[in-house]
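Asks: The following comprises the amino acid sequence and a computationally predicted model.
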2 protein chains.
Amino acid sequence: MKRTILLLITAIAAVTAVQAQAPERTANQDKYYVRRATHFDDLPVHHRDIIMLGNSLTDGAEWNELLGDPNVKNRGIIGDIIQGLYERMEPILKGQPRKIFILSGVNDVSHGVDGDSIGRAMEKLIVLIKERCPRTEIYLQSMLPFNTDVQMWKLLKDREQVVIDGNRAMEEAAKRQGVTWINLYPLFVDKNGKLREDLTNDGLHLLGPGYLIWRDAIIKYVKSSNKHMRPHNYPASPRRHFMPHHKRPRHFKH
Amino acid sequence: MKRTILLLITAIAAVTAVQAQAPERTANQDKYYVRRATHFDDLPVHHRDIIMLGNSLTDGAEWNELLGDPNVKNRGIIGDIIQGLYERMEPILKGQPRKIFILSGVNDVSHGVDGDSIGRAMEKLIVLIKERCPRTEIYLQSMLPFNTDVQMWKLLKDREQVVIDGNRAMEEAAKRQGVTWINLYPLFVDKNGKLREDLTNDGLHLLGPGYLIWRDAIIKYVKSSNKHMRPHNYPASPRRHFMPHHKRPRHFKH
C-alpha cells in the first residue's frame, strides 16, 4: 500500500514535470508516458546492463531479441523529448549500467526547438550520466531523417534542416564529452534528404527492416568489451596522481 | 532486397487483413500494427521461448525483465483483437515455443462483439496452436475489468457485462481444450465491478503496480517445468494404443 502511494506520487510528479516541459503533448501521450515511467521504476537496472534510451523509435523494438543479449533493456517512451529523458534518469543512473545508447531529438524538433538547443540539451544529459555513472560507456546516436511525403506531420513540415543542425550540434557535444558518436542518419536517408520510403509506413517510424539496419550499425558497440571499445579521450581508469619526483615521499613506489 | 520486397508484401497483406477484420481501427493504429508485425517477422522464436501474446496490455510491459527470464518474449500489439492474433501467429507457431500466455478480448468488446463470440474466437486460436504446436503449453488469461469513470472510452460504455460474459465463455473454451485458465479479473476489479483506480490512469491500461499484480499471478506458471504444471486433461504423452487381451499378438508386451 505504501509502495502504491509512493508510485502514485511519482506518477503525479511525472505528469507535472512532463506537462511543464512539453505543453504540446496530448493528454493520452502523457498518460502513456506515466504508465511506462512507473513500470520502469519497478524494473531494476544492474551494472551489467545495456540501456536503450529514447523515444518511440526505441520503444518500438524488442532490443534484447534484436541484439541477442538478455542484458539489453528497453527504456524508450513514445513521444519523449531530451529533457524528458533527463527527468526520468534516476532508476537508470542508480543501476550504474555498463552502456547507454541514446537516440532522441525528433520530438524536440516537432516542438519547435532549434538544432543548437538540441545539442545543449543532449550535452546536459551526457554530463549528468558521466557525473553519476563515471564507468558507464555512452553512445550517442544521431537523429534519423523523416519523410513528410509518406505522411504529413504538421509539426515537422519543412524542418529537415533542424535535424541536420541538431545532429551536428550533438556530434560536437559528443566530441567535447568524449563519448562515442554513431551517425545513423546516412543509413536511413534517400537522395532527397528524406527517410527512405521502404523503411517506414508513416514517414517517421521504422518497419522491421529499418530496425535491422539500426541493429547492424550498433551491434559492434553492443558486443564490445569495455576496454577494447573505449573512446580515445575517455579515461581508461582514474589517473594516477602526478607528483614531481623530488617531492615524492620515500615510500612512494612508481 | 528480396527480403525487403517480401517484408513489404507481408506488410501490405497485414494491412489488408487488419482492415478486413477491424474497420473501426484508425489509420495510425493500423500503421503501428504493421510496423510491430514486420518487426516480429524478423525475430525468431525458439522452442525454449515463452511468448506473451496480446494487445496493448501485453505490449506495454518489459516481460523478460518483469518475469526475470530472458526466454520470455513480448508479442503484444496495441489495439489487437483475437482474430488479429490468429492472423499473425505464423512466426510464433513455426518456433514451437515452450509456452504461450494469451490475453486479449477487450478490443473485441469495444468493437461490439458479444461474450460468446469472444469465446469462440479464442477457442479457434487455441485449436490452431494445439494443432501446430502440440507440445506448447497454453495459458489463457481472462480479460481485465475497465473503468469508464477514470476516462470515458465511448466504445466501452456500459459494456462491463460483456467482459464478464466473455471471460465465462473463454473459461469454458479453456476447459474444453484442456488448457490452463488464469482468472486475472478478480485481482483488478473494485467493489463496483470496475478496474481499480489505483492501478490505472486511463481506466483501461495499467500503471507499474498493475503489472506487478499480473506478474505475481502468473510467475508460478512461467517458472513451472513442463511436467509439473501440465493441466489435468492435457495428455502427458501419446496414449498407448489399447488392444483387448485376446486380440494381442504373442510378442505384444504390456
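Replies: Cool, the structure landed.
Asks: Give the buried residues for stretch A:139-157.
Replies: A:139-148, A:150-151, A:153, A:156 (16 or more other Cβ atoms under 10 Å in any protein chain shown). The way it works is simple: take the backbone N, C-alpha and C, and place the C-beta from them, glycine included.
Asks: Now intersect those with the helices, please.
Replies: With helices taken from DSSP state H, there is no overlap with these.
Asks: quick check, nearest of these to chain B?
Replies: Distance to chain B, by Cβ to the nearest Cβ, is smallest for A:Q151 among the buried residues of stretch A:139-157, at 8.0 Å.
Asks: A:Y221: how many residues sit nearby?
Replies: 16 (other Cβ atoms under 10 Å in any protein chain shown).
Asks: check which helix or strand covers it.
Replies: Element membership of A:Y221, judged by DSSP states H and E, is helix A:208-223.
Asks: who's in contact with stretch A:87-98?
Replies: Stretch A:87-98 is touched from outside by A:14, A:17-18, A:21, A:37, A:40-41, A:43-51, A:53, A:71, A:73, A:75, A:77, A:100, A:125, A:128-129, A:132-133, A:135-137, A:226, with contacts defined as Cβ atoms under 8 Å, 6 or more residues apart in numbering or on different chains.
Asks: mind listing the strands for the stretch 1-150 of chain A?
Replies: Remark: strands assigned in the stretch 1-150 of chain A by DSSP state E, counting those that start in this stretch are A:50-54, A:72-76, A:99-103, A:137-141.
Asks: counting contacts, what elements does the helix holding A:Y221 pack onto?
Replies: The contact analysis (3 or more Cβ pairs under 8 Å, 6 or more residues apart in numbering or on different chains; DSSP states H and E) places helix A:208-223 against helix A:63-66, strand A:99-103, strand A:137-141, strand A:180-182, helix A:185-188, helix B:2-21, helix B:27-41.
Asks: and the angle from that helix to strand A:137-141?
Replies: 150 degrees (axes from the mean of the first three to the mean of the last three Cα atoms, to 10 degrees).
Asks: Kindly identify which of the contacts of stretch A:87-98 also come near chain B.
Replies: A:A37, A:F40, A:D41, A:L43, A:K73 (Cβ under 8 Å from any Cβ of the partner chain).
Asks: wait, what's in contact with the second one?
Replies: The neighbourhood of A:F40, defined by Cβ under 8 Å, 6+ apart, consists of A:R75, A:R88, A:P91, B:G208.
Asks: Go again with 10 Å.
Replies: A:K73, A:N74, A:R75, A:I77, A:R88, A:E90, A:P91, A:I92, B:E62, B:E65, B:G208 (Cβ atoms under 10 Å, 6 or more residues apart in numbering or on different chains).
Asks: go on, the fourth one?
Replies: Taking Cβ under 10 Å, 6+ apart, we find A:L43 in contact with A:K73, A:N74, A:R75, A:P91, A:G95, B:A61, B:E62, B:N64, B:E65, B:L66, B:G208, B:Y211.
Asks: Please name the bridge partners of the first one.
Replies: So that's A:K73. Counting by DSSP bridges, A:K73 forms beta bridges with A:I51.
Asks: Please pull out the lowest mean pLDDT helix or strand from chain A.
Replies: helix A:2-21 (a mean of 41; mean pLDDT, DSSP states H and E).
Asks: Export the strands of the stretch 1-150 of chain A as TSV, with columns for mean pLDDT and distance to A:V109.
Replies: TSV is the format used below for these (pLDDT from 0 to 100; distance: least, Cβ to Cβ, whole Å):
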stretch	mean pLDDT	distance to A:V109
strand A:50-54	98	14
strand A:72-76	98	17
strand A:99-103	98	13
strand A:137-141	98	15
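Asks: Ok, which of these comes nearest B:G105?
Replies: strand A:72-76 (25.8 Å; Cβ to Cβ).
Asks: Now the closest one - C-alpha only, CSV.
Replies: C-alpha atoms of strand A:72-76 as CSV (Å, rounded to 0.1, in the frame of the first residue of the first chain):
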residue,chain,number,x,y,z
VAL,A,72,19.8,-5.2,-23.1
LYS,A,73,16.9,-3.2,-21.7
ASN,A,74,14.4,-1.0,-23.5
ARG,A,75,13.9,2.4,-21.9
GLY,A,76,12.1,4.1,-24.8
